[in-house]
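J.: I would like the atomic coordinates for the input below:
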Amino acid sequence: MESPQVGQKSKVAAGILGILLGALGVHNFYLGYTGKGVAQLLISVLSLGLLSPVTAIWGLVEGIICLTSDTKTDASGYLLS
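T.: As a prediction, this is how the structure comes out:
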């Protein structure tokens, strides 16, 4: 059984993007999860910022999970470095 390859994207960068810019889904765009990124961005923008706290908490949680998880991968299946 082969272990997954380590990609070029940083786990720390993705986590920090999630914590700081999670309301806009920047971390999901960085990792290649464009569907989730678009969802977070549209929720924030189309609600005129009223639902931004919801997407900010969502991004914060994903950022923390990214920083603490051992097996986080990007959309292509590569392990984060």
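J.: so Thr73 makes contact with Ser3?
T.: No - using Cβ atoms under 8 Å, Thr73 makes no contact with Ser3, being 11.7 Å away. C-beta coordinates here come from the backbone N, C-alpha and C atoms, glycine included.
J.: And these two? Which one has more around it.
T.: A direct count of neighbours by other Cβ atoms under 10 Å for Thr73 and Ser3 places Thr73 higher, at 18 against 6.
J.: what separates that one from Leu79, distance-wise?
T.: Thr73 sits 6 Å away from Leu79, going by Cβ to Cβ, to the nearest Å.
J.: shared neighbours of the two, which are they?
T.: 4, 7 (Cβ atoms under 8 Å, 6 or more residues apart in numbering).
J.: Might you calculate how far stretch 65-75 sits from the centre of the chain?
T.: 9 Å (Cα atoms, centre = their mean, to the nearest Å).
J.: which helices and strands does the longest helix anywhere in the chain pack with?
T.: In the chain, with assignment by DSSP state H, the single longest helix is helix 52-68. Helices and strands touching helix 52-68, by 3 or more Cβ pairs under 8 Å, 6 or more residues apart in numbering; DSSP states H and E, are helix 11-21, helix 26-31, helix 34-46.
J.: Now do the contacts for Leu67.
T.: 11-12, 15 are the contacts of Leu67 under Cβ under 8 Å, 6+ apart.
J.: are any of those residues buried, and which?
T.: Buried members of the contacts of Leu67, scored by 16 or more other Cβ atoms under 10 Å, are 11, 15.
J.: can you redo the contacts of Leu67 as TSV with distance to Ile65?
T.: As requested, these are exported to TSV (distance: Cβ to Cβ, whole Å):
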residue	distance to Ile65
Lys11	11
Val12	13
Gly15	8
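J.: quick one: which of the contacts of Leu67 is nearest to Gly32?
T.: Among those, Lys11 lies closest to Gly32 (Cβ to Cβ), at 14.0 Å.
J.: what's the pLDDT at the closest one?
T.: pLDDT for Lys11: 95.
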